[in-house]
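Asks: Okay, here's the prediction I keep looking at, along with the sequence it came from:
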Amino acid sequence: MNEKIRCPEVRLIGAAGEQVGIVPTDEAQRMALDADLDLVMIAPTAAPPVCKIIDYGKFKFEQSKKEKENKKNQKVVTIKEIRLSSNIGEHDIAAKAKHAFQFLSEGDKVKVSIRFRGREITHSELGRKVLLNFVERCKEVGEMEGNPRMEGRSMHLLISPIKK
(Lines give C-alpha, C1' and ligand atoms only; values in the text may rest on other atoms or scores of the structure.)
Protein backbone atom coordinates (compact mmCIF):
# COMPACT_ATOMS: atom_id res chain seq x y z
CA MET A 1 0.00 0.00 0.00
CA ASN A 2 1.02 3.62 -0.59
CA GLU A 3 4.82 4.05 -0.91
CA LYS A 4 5.51 0.32 -0.71
CA ILE A 5 4.14 -0.17 -4.25
CA ARG A 6 7.23 -0.46 -6.50
CA CYS A 7 5.65 -0.99 -9.97
CA PRO A 8 6.26 1.66 -12.65
CA GLU A 9 2.56 1.80 -13.57
CA VAL A 10 -0.72 0.45 -12.22
CA ARG A 11 -4.30 0.02 -13.32
CA LEU A 12 -6.15 2.44 -11.05
CA ILE A 13 -9.66 2.22 -9.63
CA GLY A 14 -10.88 5.50 -8.15
CA ALA A 15 -12.39 6.17 -4.72
CA ALA A 16 -15.94 5.88 -6.08
CA GLY A 17 -15.17 2.56 -7.80
CA GLU A 18 -14.73 4.04 -11.31
CA GLN A 19 -12.00 2.85 -13.67
CA VAL A 20 -9.34 5.56 -14.06
CA GLY A 21 -7.07 3.49 -16.33
CA ILE A 22 -3.37 2.74 -16.45
CA VAL A 23 -1.39 5.52 -14.75
CA PRO A 24 2.16 5.87 -13.38
CA THR A 25 2.47 4.79 -9.74
CA ASP A 26 3.63 8.19 -8.47
CA GLU A 27 0.60 9.89 -10.05
CA ALA A 28 -1.71 7.28 -8.48
CA GLN A 29 -0.09 7.91 -5.07
CA ARG A 30 -0.56 11.66 -5.53
CA MET A 31 -4.25 11.18 -6.40
CA ALA A 32 -4.73 9.05 -3.26
CA LEU A 33 -2.95 11.66 -1.13
CA ASP A 34 -5.15 14.45 -2.56
CA ALA A 35 -8.26 12.45 -1.63
CA ASP A 36 -6.91 11.78 1.91
CA LEU A 37 -7.11 8.03 1.24
CA ASP A 38 -4.69 5.15 0.72
CA LEU A 39 -3.48 3.49 -2.49
CA VAL A 40 -3.90 -0.26 -1.97
CA MET A 41 -2.77 -3.01 -4.36
CA ILE A 42 -5.77 -5.28 -4.88
CA ALA A 43 -4.43 -7.69 -7.56
CA PRO A 44 -0.61 -7.83 -7.51
CA THR A 45 -0.35 -10.68 -10.05
CA ALA A 46 -2.24 -8.85 -12.82
CA ALA A 47 -0.34 -7.09 -15.60
CA PRO A 48 -0.22 -4.21 -14.74
CA PRO A 49 -1.14 -4.62 -11.03
CA VAL A 50 -4.56 -3.33 -9.99
CA CYS A 51 -4.62 -0.65 -7.29
CA LYS A 52 -7.57 1.03 -5.65
CA ILE A 53 -7.92 4.30 -3.78
CA ILE A 54 -9.65 3.44 -0.48
CA ASP A 55 -9.51 4.06 3.26
CA TYR A 56 -7.27 1.16 4.32
CA GLY A 57 -8.46 1.06 7.95
CA LYS A 58 -12.08 0.84 6.85
CA PHE A 59 -11.14 -1.79 4.25
CA LYS A 60 -9.45 -4.00 6.87
CA PHE A 61 -12.41 -3.58 9.25
CA GLU A 62 -14.91 -4.61 6.53
CA GLN A 63 -12.72 -7.57 5.60
CA SER A 64 -12.52 -8.85 9.19
CA LYS A 65 -16.27 -8.34 9.56
CA LYS A 66 -16.92 -10.50 6.48
CA GLU A 67 -14.58 -13.21 7.76
CA LYS A 68 -16.39 -13.30 11.12
CA GLU A 69 -19.75 -13.52 9.35
CA ASN A 70 -18.53 -16.40 7.16
CA LYS A 71 -17.13 -18.21 10.21
CA LYS A 72 -20.43 -17.83 12.04
CA ASN A 73 -22.39 -19.28 9.11
CA GLN A 74 -20.24 -22.36 8.53
CA LYS A 75 -21.15 -25.70 10.05
CA VAL A 76 -18.29 -27.85 11.29
CA VAL A 77 -18.94 -31.45 10.30
CA THR A 78 -17.73 -33.93 12.85
CA ILE A 79 -17.22 -37.61 12.21
CA LYS A 80 -18.37 -40.04 14.88
CA GLU A 81 -17.02 -43.58 14.73
CA ILE A 82 -18.90 -46.76 15.53
CA ARG A 83 -16.98 -50.03 15.70
CA LEU A 84 -18.56 -53.35 14.92
CA SER A 85 -17.31 -56.90 14.60
CA SER A 86 -18.12 -59.42 11.92
CA ASN A 87 -19.90 -61.71 14.41
CA ILE A 88 -21.96 -59.06 16.23
CA GLY A 89 -25.28 -60.04 17.79
CA GLU A 90 -28.67 -58.74 16.62
CA HIS A 91 -29.35 -56.75 19.79
CA ASP A 92 -25.87 -55.21 19.77
CA ILE A 93 -26.21 -54.03 16.19
CA ALA A 94 -29.61 -52.52 17.04
CA ALA A 95 -28.08 -50.58 19.96
CA LYS A 96 -25.20 -49.31 17.79
CA ALA A 97 -27.68 -48.33 15.04
CA LYS A 98 -29.63 -46.33 17.63
CA HIS A 99 -26.46 -44.36 18.45
CA ALA A 100 -25.75 -43.81 14.74
CA PHE A 101 -29.36 -42.67 14.25
CA GLN A 102 -28.84 -40.05 16.96
CA PHE A 103 -25.52 -38.85 15.49
CA LEU A 104 -26.99 -38.56 11.99
CA SER A 105 -30.03 -36.68 13.32
CA GLU A 106 -27.67 -34.09 14.86
CA GLY A 107 -26.00 -33.60 11.46
CA ASP A 108 -22.77 -35.52 12.12
CA LYS A 109 -21.23 -38.05 9.76
CA VAL A 110 -20.78 -41.60 11.04
CA LYS A 111 -17.80 -43.80 10.21
CA VAL A 112 -18.67 -47.45 10.68
CA SER A 113 -15.70 -49.78 10.91
CA ILE A 114 -15.19 -53.48 11.38
CA ARG A 115 -11.84 -54.77 12.62
CA PHE A 116 -11.07 -58.34 11.62
CA ARG A 117 -9.09 -60.35 14.17
CA GLY A 118 -7.13 -63.48 13.45
CA ARG A 119 -8.62 -65.63 10.70
CA GLU A 120 -11.77 -63.48 10.40
CA ILE A 121 -10.08 -61.61 7.55
CA THR A 122 -10.60 -64.61 5.27
CA HIS A 123 -14.36 -64.06 5.60
CA SER A 124 -14.46 -60.34 4.88
CA GLU A 125 -17.75 -60.80 2.98
CA LEU A 126 -19.44 -61.40 6.38
CA GLY A 127 -18.18 -58.01 7.52
CA ARG A 128 -19.49 -56.41 4.32
CA LYS A 129 -22.94 -57.95 5.00
CA VAL A 130 -22.90 -56.55 8.55
CA LEU A 131 -21.99 -53.07 7.24
CA LEU A 132 -24.71 -53.11 4.58
CA ASN A 133 -27.23 -54.34 7.18
CA PHE A 134 -26.17 -51.44 9.42
CA VAL A 135 -26.65 -48.94 6.57
CA GLU A 136 -30.09 -50.42 5.89
CA ARG A 137 -31.08 -49.74 9.52
CA CYS A 138 -29.95 -46.09 9.23
CA LYS A 139 -31.39 -45.34 5.78
CA GLU A 140 -34.15 -43.07 7.18
CA VAL A 141 -31.64 -40.40 8.34
CA GLY A 142 -28.42 -41.27 6.52
CA GLU A 143 -27.05 -42.38 3.18
CA MET A 144 -23.92 -44.34 2.37
CA GLU A 145 -20.96 -42.44 0.88
CA GLY A 146 -19.15 -44.81 -1.46
CA ASN A 147 -18.74 -48.51 -0.86
CA PRO A 148 -17.19 -50.37 2.08
CA ARG A 149 -13.41 -50.44 1.64
CA MET A 150 -10.64 -52.44 3.22
CA GLU A 151 -7.68 -50.74 4.91
CA GLY A 152 -5.33 -53.30 6.38
CA ARG A 153 -7.33 -55.47 8.76
CA SER A 154 -10.29 -53.06 8.91
CA MET A 155 -13.25 -52.36 6.66
CA HIS A 156 -14.66 -48.81 6.73
CA LEU A 157 -17.82 -47.13 5.53
CA LEU A 158 -18.98 -43.51 5.82
CA ILE A 159 -22.65 -42.58 6.34
CA SER A 160 -23.65 -38.95 5.89
CA PRO A 161 -26.90 -37.35 7.05
CA ILE A 162 -29.63 -36.83 4.47
CA LYS A 163 -30.01 -33.13 3.70
CA LYS A 164 -33.46 -31.81 4.38
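Replies: Happy to help now that I have it. No experiment lies behind these values; they were computed from the predicted model shown.

Asks: Low-confidence stretches in the chain?
Replies: Applying pLDDT under 70 to the chain picks out residues 164.

Asks: In it, spot the helix with the most residues.
Replies: If you go by DSSP state H, the chain has its longest helix at helix 56-73.

Asks: Residue 99: what's its closest spatial neighbour, skipping adjacent residues?
Replies: Nearest residue to residue 99 in three dimensions, chain neighbours excluded: residue 82, at 6.4 Å (C-beta to C-beta, 6 or more residues apart in numbering). C-beta here means a position set from N, CA and C on the backbone, and glycine is covered the same way.

Asks: isn't the one you found right next to residue 114, touching?
Replies: No. Residue 82 is not in contact with residue 114 according to C-beta atoms under 8 Å; the separation is 10.0 Å.

Asks: and the two? which has more neighbours close in?
Replies: residue 114 (25 against 19; other C-beta atoms under 10 Å).

Asks: Surely the more buried one is within a strand?
Replies: Yes. Assigned with DSSP: H, G, I helix; E, B strand; the rest coil, residue 114 falls within a strand.

Asks: separation between it and residue 146?
Replies: Distance, residue 114 to residue 146, by C-beta to C-beta, to the nearest Å: 15 Å.

Asks: Residue 122 now?
Replies: From residue 122 to residue 146 the distance is 24 Å (C-beta to C-beta).

Asks: One more: residue 54?
Replies: Counting by C-beta to C-beta - residue 54 and residue 146 are separated by 47 Å.

Asks: and those two? which has more neighbours close in?
Replies: Per other C-beta under 10 Å, whichever of residue 54 and residue 146 has more neighbours is residue 54, with 21 against 8.

Asks: Cross-check the contact I'm expecting between that one and residue 17.
Replies: No. In this structure residue 54 lies outside contact range of residue 17 using C-beta under 8 Å: 9.5 Å.

Asks: Return the residues in contact with residue 124.
Replies: 86, 116, 150, 155 (C-beta atoms under 8 Å, 6 or more residues apart in numbering).

Asks: re earlier: residues in contact with the residue nearest to residue 99?
Replies: 96, 99, 100, 110, 111, 112, 113.

Asks: In helices, which of those residues fall?
Replies: 96, 99, 100.

Asks: mind listing what the last one touches?
Replies: Applying C-beta under 8 Å, 6+ apart, one finds that residue 100 lies in contact with 80, 82, 110, 112, 134, 137, 138, 142, 159.

Asks: burial measure for residue 40, as a count.
Replies: Neighbours of residue 40 (other C-beta under 10 Å): 19.

Asks: Just say helix, strand or coil for it.
Replies: Applying three-state DSSP: residue 40 is strand.
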